[in-house]
Structures are given as structure tokens and as C-alpha cells.
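Model the structure of this input:
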Amino acid sequence: MKNNKGFTLIELIMVTIILGILAAVAIPRYTASVTAAEEAAEDAVITGVQAGLANYAMEKLMADGREYYPDDPFTSLATKPSGHTDNTTVADQDGEWTFNSGSDHTSASFTVDGVTYNSTGRITHQRSDNTRWGWYYDKGTQTGDAAAIGVLESDPTQIN
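Numbers count the residues shown, from 1 in each chain. Sure thing, here's the model as predicted:
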């Protein structure tokens, strides 16, 4: 009587095939889940910034008699998002959030609800897959009789 202790070659091949099939299905789903989670987190941050801007404008209305937005939209937040830096360049590290008011971002125009705005800067965020996304921001007119509230676009654009 033989005392076999081990697996046959067929058993090992079958296990390898099954693991390969599982990996082929699981990896794309995992990647899609990570991307969806990052998009949801970005939406939460931008919604928080928009709420902070509305609160900031209301405080300015009470204090100054007119509502307006700050130069940097992150200053309207009591708590800045995880990964926020005061770096004024485009986000270049995973999870980093920045606000750039440089000339390459202020010459752009964008449309929100059918109204065209001139950008005074752009919020940028880098995802873990090394893609960068940006949201244009217009602080509005802050002085004089023509003071007007600004806007932050809700839909991001991919940055190269």
C-alpha cells in the first residue's frame, strides 16, 4: 500500500486555474471600487467646500452688508480635508488637495447652470491612480457696488 502525501499535478493545475479566474474577476472589481470610493470622497470634499463658501458668504453679508467668497475656497472651511496643503501648485502626491490661483488657471472660463464665469483659480486633487482632477473656482467681485458672489463648479475635469 502506497502512502501518498501530496497533491497530483492535475490538482495543482486546477487550483491554479481557479485562482487565476478569481483574480481576473476580483482585481477589476477592486479597482472599480477604489475609484468609486475616491470619487465619492471628492464629491464629499467639494460639497463641504461649497457649503463652507455659502456659510462664509452669509457671514460676510451679516458683517459687511454684502456676500462674497474668499480668495482661497479652503479658507471657508473650519476643518480642511485630509491631504490639504498650502502648496499653490497642482496636486502632485496621492490624496493631496491644493488651490492654485496662478495665471494658467485664471484665464479659463467655465459654465455652471448656463452662466459663464471667469476662473480665479482651481482646486486640484490627485487620486491614488496618479490622475489629477480639478474644479474651477470664481471668487466673484469682492469690492464696490458690483459685488457679486462667486461659484465653484461641481463637475471635475481631468488635468494632464
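
Please count neighbours and contacts with C-alpha atoms only from this point.
OK.

Output the below-cut-off pLDDT ranges for the chain.
By pLDDT under 70, the weakly predicted segments of the chain are 1, 103-107, 142-148.

centroid residue for it?
For the chain, Glu42 is the residue whose C-alpha lies nearest the centre (C-alpha atoms, centre = their mean; 3.8 Å).

next helix or strand past the helix or strand in which that residue is found?
Following DSSP states H and E, one finds Glu42 within helix 9-64. With elements assigned by DSSP H and E, the helix or strand that comes after helix 9-64 is strand 97-100.

what helices or strands is that following strand leaning on?
Packing partners of strand 97-100 (3 or more C-alpha pairs under 8 Å, 6 or more residues apart in numbering; DSSP states H and E): strand 121-126.

Dump the strand it packs on to PDB, restricted to CA.
Provided in PDB are the C-alpha atoms of strand 121-126 (Å, rounded to 0.1, in the frame of the first residue of the first chain):
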ATOM      1  CA  GLY A 121      -8.300  79.600  -9.500                       C
ATOM      2  CA  ARG A 122      -8.700  75.900  -9.500                       C
ATOM      3  CA  ILE A 123      -8.900  73.300  -6.700                       C
ATOM      4  CA  THR A 124      -6.800  70.200  -7.600                       C
ATOM      5  CA  HIS A 125      -6.700  66.700  -6.200                       C
ATOM      6  CA  GLN A 126      -4.600  63.700  -7.100                       C
END
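
buried stuff in the helix or strand following it?
Counting by DSSP H and E, the next helix or strand C-terminal to strand 121-126 is strand 132-141. Neighbour counts over strand 132-141 (16 or more other C-alpha atoms under 10 Å) mark 132-140 as buried.

next one: stretch 63-74
In stretch 63-74, counting by 16+ other C-alpha under 10 Å, buried: 66-74.
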